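Q: Okay, sequence plus prediction incoming.
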Amino acid sequence: MHGFGKFGVGLLMALSASSFAQTVLPKVDVTAPYTQLHGGYVVSSNFSVDPKMSAVIYPNEPFQKDDVVWAKTQNMQDDEYLVLQECSVADCTMGHILRVWTKHGAMGTNYHDPNRVFIPHEGKFFMWMQRFASPGSVPAFSGFEAFSPPLVLNPTGNADQFQVIDVQAAQEKGPEKVVSTDHDGMDYVIRYESGTVVFVQRMHAAD
(Lines give C-alpha, C1' and ligand atoms only; values in the text may rest on other atoms or scores of the structure.)
Protein backbone atom coordinates (compact mmCIF):
# COMPACT_ATOMS: atom_id res chain seq x y z
CA MET A 1 0.00 0.00 0.00
CA HIS A 2 2.89 2.40 0.64
CA GLY A 3 3.68 2.55 -3.08
CA PHE A 4 0.25 3.82 -3.92
CA GLY A 5 1.15 7.38 -3.05
CA LYS A 6 3.59 7.37 -5.95
CA PHE A 7 0.98 5.67 -8.09
CA GLY A 8 -1.50 8.42 -7.24
CA VAL A 9 0.93 11.13 -8.34
CA GLY A 10 1.82 9.22 -11.48
CA LEU A 11 -1.81 8.62 -12.25
CA LEU A 12 -2.56 12.32 -11.91
CA MET A 13 0.23 13.22 -14.31
CA ALA A 14 -0.83 10.57 -16.80
CA LEU A 15 -4.45 11.61 -16.69
CA SER A 16 -3.61 15.28 -16.90
CA ALA A 17 -1.58 14.58 -20.02
CA SER A 18 -4.29 12.49 -21.65
CA SER A 19 -6.72 13.91 -24.15
CA PHE A 20 -10.21 12.88 -25.13
CA ALA A 21 -10.67 14.78 -28.37
CA GLN A 22 -14.11 15.71 -29.57
CA THR A 23 -14.61 17.91 -32.63
CA VAL A 24 -18.11 19.16 -33.38
CA LEU A 25 -18.86 19.98 -37.01
CA PRO A 26 -22.20 21.08 -38.51
CA LYS A 27 -24.59 18.15 -38.05
CA VAL A 28 -21.63 15.85 -37.34
CA ASP A 29 -20.24 14.64 -34.02
CA VAL A 30 -16.74 13.19 -34.14
CA THR A 31 -15.91 11.56 -30.82
CA ALA A 32 -13.06 9.60 -29.38
CA PRO A 33 -13.02 5.78 -29.53
CA TYR A 34 -15.40 3.83 -27.32
CA THR A 35 -17.84 6.78 -27.16
CA GLN A 36 -21.43 7.14 -28.33
CA LEU A 37 -24.19 9.73 -28.07
CA HIS A 38 -27.23 8.23 -26.35
CA GLY A 39 -30.28 9.80 -24.72
CA GLY A 40 -28.73 13.25 -24.42
CA TYR A 41 -25.50 11.88 -22.91
CA VAL A 42 -22.02 11.26 -24.22
CA VAL A 43 -21.53 7.68 -23.04
CA SER A 44 -18.01 6.29 -22.90
CA SER A 45 -16.32 2.99 -22.11
CA ASN A 46 -12.95 4.73 -22.20
CA PHE A 47 -11.43 3.06 -19.13
CA SER A 48 -8.20 1.10 -18.63
CA VAL A 49 -6.52 -1.31 -16.23
CA ASP A 50 -3.38 0.13 -14.70
CA PRO A 51 -0.52 -1.85 -16.31
CA LYS A 52 1.46 -2.04 -13.04
CA MET A 53 -1.53 -2.67 -10.76
CA SER A 54 -3.78 -5.16 -12.52
CA ALA A 55 -6.57 -4.69 -9.98
CA VAL A 56 -7.09 -0.94 -10.55
CA ILE A 57 -9.52 0.44 -13.14
CA TYR A 58 -9.33 4.13 -13.97
CA PRO A 59 -10.85 6.51 -16.57
CA ASN A 60 -8.56 7.49 -19.42
CA GLU A 61 -9.87 11.05 -19.06
CA PRO A 62 -10.24 12.47 -15.53
CA PHE A 63 -13.80 12.61 -14.26
CA GLN A 64 -15.35 16.07 -14.16
CA LYS A 65 -18.05 17.49 -11.87
CA ASP A 66 -21.51 16.10 -12.71
CA ASP A 67 -20.15 13.16 -14.69
CA VAL A 68 -22.03 9.94 -14.00
CA VAL A 69 -20.40 6.57 -13.40
CA TRP A 70 -22.70 3.65 -14.17
CA ALA A 71 -21.73 0.17 -12.96
CA LYS A 72 -23.53 -3.16 -13.08
CA THR A 73 -22.30 -6.56 -11.94
CA GLN A 74 -23.00 -10.07 -13.15
CA ASN A 75 -22.34 -13.39 -11.35
CA MET A 76 -20.92 -11.50 -8.37
CA GLN A 77 -19.91 -13.66 -5.41
CA ASP A 78 -21.42 -13.27 -1.92
CA ASP A 79 -18.11 -12.13 -0.42
CA GLU A 80 -17.07 -9.62 -3.11
CA TYR A 81 -17.23 -5.83 -2.83
CA LEU A 82 -16.82 -3.51 -5.83
CA VAL A 83 -15.43 -0.12 -4.74
CA LEU A 84 -15.41 3.34 -6.34
CA GLN A 85 -12.83 5.45 -4.53
CA GLU A 86 -11.10 8.80 -5.02
CA CYS A 87 -7.86 10.26 -3.74
CA SER A 88 -8.85 12.73 -1.02
CA VAL A 89 -5.38 14.29 -0.61
CA ALA A 90 -2.85 15.39 -3.22
CA ASP A 91 -0.38 12.53 -2.63
CA CYS A 92 -3.20 9.96 -2.50
CA THR A 93 -2.22 8.58 0.89
CA MET A 94 -5.87 8.81 1.93
CA GLY A 95 -8.95 8.02 -0.08
CA HIS A 96 -12.71 8.64 0.02
CA ILE A 97 -15.06 5.79 -0.92
CA LEU A 98 -18.06 7.00 -2.90
CA ARG A 99 -19.86 3.71 -3.45
CA VAL A 100 -19.54 0.02 -2.65
CA TRP A 101 -21.58 -2.64 -4.44
CA THR A 102 -22.27 -6.25 -3.44
CA LYS A 103 -24.30 -8.85 -5.33
CA HIS A 104 -27.34 -7.33 -3.58
CA GLY A 105 -26.68 -3.81 -4.85
CA ALA A 106 -25.24 -0.61 -3.39
CA MET A 107 -24.30 -0.77 0.29
CA GLY A 108 -25.43 1.53 3.03
CA THR A 109 -28.27 3.61 1.58
CA ASN A 110 -31.37 3.27 -0.53
CA TYR A 111 -30.29 5.04 -3.71
CA HIS A 112 -32.74 6.23 -6.38
CA ASP A 113 -30.56 4.45 -8.93
CA PRO A 114 -27.99 2.24 -7.16
CA ASN A 115 -26.06 1.67 -10.39
CA ARG A 116 -25.33 5.38 -10.91
CA VAL A 117 -22.89 7.61 -9.03
CA PHE A 118 -22.75 11.36 -9.66
CA ILE A 119 -19.21 12.69 -9.52
CA PRO A 120 -19.11 15.70 -7.14
CA HIS A 121 -15.91 17.30 -8.45
CA GLU A 122 -12.88 16.74 -10.64
CA GLY A 123 -10.33 14.37 -9.12
CA LYS A 124 -8.49 11.06 -9.26
CA PHE A 125 -11.05 8.24 -9.17
CA PHE A 126 -10.52 4.50 -9.52
CA MET A 127 -12.43 1.23 -9.13
CA TRP A 128 -11.36 -2.10 -7.63
CA MET A 129 -12.76 -5.31 -6.17
CA GLN A 130 -12.16 -6.56 -2.61
CA ARG A 131 -12.99 -10.06 -1.42
CA PHE A 132 -13.56 -10.98 2.24
CA ALA A 133 -13.74 -14.77 2.31
CA SER A 134 -16.47 -15.93 4.66
CA PRO A 135 -18.51 -19.05 5.47
CA GLY A 136 -21.72 -19.28 3.52
CA SER A 137 -23.82 -18.92 6.67
CA VAL A 138 -22.36 -15.49 7.50
CA PRO A 139 -24.11 -12.52 5.82
CA ALA A 140 -22.09 -9.99 3.88
CA PHE A 141 -21.00 -6.77 5.56
CA SER A 142 -23.60 -4.04 5.17
CA GLY A 143 -21.52 -0.90 5.79
CA PHE A 144 -18.08 0.64 5.40
CA GLU A 145 -15.93 3.53 6.59
CA ALA A 146 -16.05 6.42 4.14
CA PHE A 147 -12.36 7.35 4.49
CA SER A 148 -9.46 4.91 4.30
CA PRO A 149 -6.10 4.54 2.57
CA PRO A 150 -6.33 3.85 -1.17
CA LEU A 151 -7.24 0.26 -2.05
CA VAL A 152 -8.36 -0.39 1.52
CA LEU A 153 -11.99 -1.17 2.35
CA ASN A 154 -12.81 -1.10 6.07
CA PRO A 155 -16.17 -2.82 6.46
CA THR A 156 -18.53 -2.29 9.38
CA GLY A 157 -20.63 -5.06 10.90
CA ASN A 158 -21.29 -7.09 14.01
CA ALA A 159 -18.86 -8.95 16.25
CA ASP A 160 -19.85 -12.36 14.87
CA GLN A 161 -18.82 -11.33 11.36
CA PHE A 162 -15.41 -10.09 12.48
CA GLN A 163 -14.83 -13.33 14.43
CA VAL A 164 -15.15 -15.54 11.36
CA ILE A 165 -13.99 -13.20 8.56
CA ASP A 166 -10.29 -12.34 8.54
CA VAL A 167 -10.56 -8.76 7.33
CA GLN A 168 -6.89 -7.93 7.93
CA ALA A 169 -5.67 -10.91 5.90
CA ALA A 170 -7.94 -9.95 3.01
CA GLN A 171 -6.72 -6.36 3.11
CA GLU A 172 -3.09 -7.48 3.13
CA LYS A 173 -3.76 -9.72 0.13
CA GLY A 174 -5.20 -6.71 -1.67
CA PRO A 175 -7.81 -6.27 -4.39
CA GLU A 176 -8.78 -9.01 -6.80
CA LYS A 177 -6.84 -9.13 -10.04
CA VAL A 178 -8.53 -8.42 -13.34
CA VAL A 179 -8.13 -11.32 -15.78
CA SER A 180 -9.50 -9.60 -18.90
CA THR A 181 -11.19 -6.45 -20.15
CA ASP A 182 -13.03 -5.49 -23.32
CA HIS A 183 -14.78 -2.53 -24.89
CA ASP A 184 -18.27 -3.67 -25.87
CA GLY A 185 -20.01 -0.66 -27.37
CA MET A 186 -20.76 1.72 -24.51
CA ASP A 187 -19.67 -0.83 -21.86
CA TYR A 188 -16.21 -1.40 -20.45
CA VAL A 189 -16.35 -5.08 -19.48
CA ILE A 190 -14.15 -6.28 -16.61
CA ARG A 191 -13.73 -9.97 -15.75
CA TYR A 192 -12.32 -11.44 -12.55
CA GLU A 193 -10.98 -14.91 -11.70
CA SER A 194 -14.06 -15.64 -9.59
CA GLY A 195 -16.27 -15.37 -12.68
CA THR A 196 -17.66 -11.97 -11.73
CA VAL A 197 -18.20 -9.57 -14.62
CA VAL A 198 -18.54 -5.80 -14.19
CA PHE A 199 -19.93 -3.43 -16.83
CA VAL A 200 -18.89 0.22 -16.47
CA GLN A 201 -19.84 3.39 -18.33
CA ARG A 202 -18.95 7.04 -17.92
CA MET A 203 -21.60 9.59 -18.92
CA HIS A 204 -21.90 13.35 -19.15
CA ALA A 205 -24.53 15.58 -20.69
CA ALA A 206 -24.01 16.29 -24.37
CA ASP A 207 -23.49 19.93 -25.32
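A: Nice, I can see it.
Q: center of this structure, which residue is that?
A: In the chain, the residue lying closest to the centroid (C-alpha atoms, centre = their mean) is residue 127, at 2.2 Å.
Q: How about it: which residues does it bridge to?
A: Note on residue 127: beta-bridge partners residue 57, residue 84, judged by DSSP bridges.
Q: Just confirm it contacts residue 71, I think it does.
A: Yes: using C-beta atoms under 8 Å, residue 127 is in contact with residue 71, at 7.4 Å. Just so you know, the C-beta spots here come from the backbone N, C-alpha and C atoms, and that holds for glycine as well.
Q: For residue 107, report the pLDDT, please.
A: pLDDT recorded at residue 107 is 88.
Q: thinking again about what came up before, which residues are in contact with each of residue 127 and residue 71?
A: Common contact partners of residue 127 and residue 71 (C-beta atoms under 8 Å, 6 or more residues apart in numbering): 82, 84, 198, 200.
Q: Please name the residues that touch the last one.
A: The neighbours of residue 200, taking C-beta under 8 Å, 6+ apart as the test, are 45, 47, 57, 69-71, 127, 187-188, 190.
Q: rewinding a little: ok, the shared contacts of residue 127 and residue 71 vs residue 62, which is closest?
A: residue 84 (14.3 Å; C-beta to C-beta).
Q: Next one: that closest one from residue 196, what distance?
A: In this view, residue 84 and residue 196 are 16 Å apart by C-beta to C-beta, to the nearest Å.
Q: Kindly report the same for residue 116.
A: The value you get for residue 116 to residue 196, if C-beta to C-beta is used, is 20 Å.
Q: which of the two has more neighbours?
A: Neighbour count, other C-beta atoms under 10 Å: between residue 116 and residue 196, residue 196 has more, with 19 against 16.
Q: Not counting sequence-adjacent ones, nearest residue to the more buried one?
A: residue 76 (4.8 Å; C-beta to C-beta, 6 or more residues apart in numbering).
Q: ok, that neighbour to residue 93 distance?
A: 30 Å.
Q: for residue 36, same thing?
A: For residue 36 relative to residue 93 (C-beta to C-beta), the value is 37 Å.
Q: do residue 159 as well
A: Residue 159 is 30 Å from residue 93, by C-beta to C-beta.
Q: which one of these two has more residues nearby?
A: Taking neighbours as other C-beta under 10 Å, residue 159 and residue 93 compare with residue 93 leading, 15 against 6.
Q: just how off-centre is stretch 173-187 within its chain?
A: Centroid separation between stretch 173-187 and its chain, computed with C-alpha atoms, centre = their mean, to the nearest Å, is 10 Å.
Q: Need the residues that contact that stretch.
A: Counting by C-beta under 8 Å, 6+ apart, 33-34, 36, 38, 43-45, 47-49, 54-57, 80, 128-131, 151, 188-194, 199-201 sit against stretch 173-187.
Q: Only the buried subset of the residues you listed, as a ChimeraX command please.
A: Entered in ChimeraX, the line below selects the buried ones among those, by 16 or more other C-beta atoms under 10 Å:
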select :34,43,44,45,47,49,55,56,57,80,128,129,130,131,151,188,189,190,191,192,199,200,201
